[in-house]
Structures are given as C-alpha cells and as structure tokens.
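Novice: From the sequence below, what's the structure:
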Amino acid sequence: MASKFHRGAAAYTQKGQRYIVDDVEEGTVYCSTESGAETEFPETGLLTETEWAARLDGKKGLIYARLKQGRLYTTPPAKVDRAAAEQMLAKVERLKPGMLDFTAFTVASRSLAETGDADQAAELSIAKCREIFDAAKPELRASLLAAIIDAPPAALVGAGRLGDNLMRAMLDKGMIEHAAAFEQFSQRRRD
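Specialist: Predicted coordinates for the structure are as follows:
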C-alpha cells in the first residue's frame, strides 16, 4: 500500500512536533529535525501537513466556543442601566475607534491566559473576538471595558450621558498603561 508520506515532506506528531521525511519503509517513517536529529515513527502516528492544518483549524473553532463560556463572559455584569450602557458603548465607538475591538481582543487574551492557552492569543481573529463581545449583554460589555480602563462600571456608564470631552478624558486616562499595547494592536490586520 502506498504511503501518504514522501521524501522531503513535512510530518507532524500528535503534539505538533515537525519533522522532515527522509524515507518510508513498510509502515515506518524515518524522519529528521531541522537540526539534523534522526528518528522514526510508525506511519499511523504521524500527520501530513494537510491533516495538521485541518486539526489546527478545528482547534481554533473550539477556542472561540470556550471564550464564550469562559469566566469573563459568564460573570454577572455590574448593576448598570442597559440603555445607558448601550449609549456609552456607542459613544466610545464614535470617540475612540478601535477601542471596543481592543477590549474584545484583550478580554479574549486574558481568558486564554486563565485557561493556560496564552500562547494561542497571537492567533486570535479580532473580528471573531468582536463578534463574541458584541453578542454579550450591554451591561457586561460595559463592565469589561471598565475593567480594561480601571474605572468603576457605574461611573463609566454615567459618563456616557455627559459630554464627549469627559468620556474622551476617561478613556485616555484609563488607557495610559495600555498605550503601547493599543498602538501595537492598531497595527494588526482585522481578520
């Protein structure tokens, strides 16, 4: 029976270690690492590049499902008026474009860190993080934003009813410690 591996192809272990196929013989795949170390595996214990990519795509879908069910999205929100929270969120979107995207991404990154998956934060899609954020109740979104800028949720929501300058000042003050992260975030592709 023909092997799914051929000389020079990439082969992956179940844990994601990458090898280069040197030879395939009677169900055994002889491989080497980029550093030249040689090893062998039963063919059934390795994945092709296509199989590995499909497995990663499936894992990414699970990450977003876990984010929705994570502690940050399931914790009861602060007691704030829903209409006022919606008004404040709309004002933030208008005054500081990208702020809610940053909040959604930061919340997702923190959630991954809590579950021991912080290394996967770089692979997060800003658009998918924002979808999860937007699906949450306005009171929860207001609470999450307030946590990012270190402001009491009631004060932040209340500022949404006041002038633009007060809201802008609150956001700017709260983002001082996140300025570098926000600048770096702003350079990312929104996919």
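Novice: how about the residue nearest in space to the middle of the chain, what does it touch?
Specialist: With distances taken as C-alpha atoms, centre = their mean, Leu124 lies nearest the centre of the chain, 3.2 Å away. By C-beta atoms under 8 Å, 6 or more residues apart in numbering, the contact set of Leu124 is Ile63, Phe105, Ala108, Ser109, Leu112. C-beta here means a position set from N, CA and C on the backbone, and glycine is covered the same way.
Novice: The third one belongs to a helix, doesn't it?
Specialist: Yes: going by DSSP: H, G, I helix; E, B strand; the rest coil, the assignment for Ala108 places it inside a helix.
Novice: Does it touch Ile132 like I think?
Specialist: Yes: look at Ala108 against Ile132 with C-beta atoms under 8 Å: they come within range, at 7.1 Å.
Novice: one step back: by neighbour count, which of the contacts of Leu124 wins?
Specialist: Highest neighbour count within the contacts of Leu124, by other C-beta atoms under 10 Å: Ala108, with 26 neighbours.
Novice: returning to that earlier point: which residues are common contacts for Ala108 and Ile132?
Specialist: By C-beta under 8 Å, 6+ apart, the residues touching both Ala108 and Ile132 are Leu67.
Novice: Identify the bridge partners of the nearest residue to Arg55 once chain neighbours are set aside.
Specialist: Spatial nearest neighbour of Arg55, chain neighbours left out: Leu47 (6.8 Å); criterion: C-beta to C-beta, 6 or more residues apart in numbering. Residues in a beta bridge with Leu47, per DSSP bridges, are Tyr12.
Novice: Lovely, talk soon.
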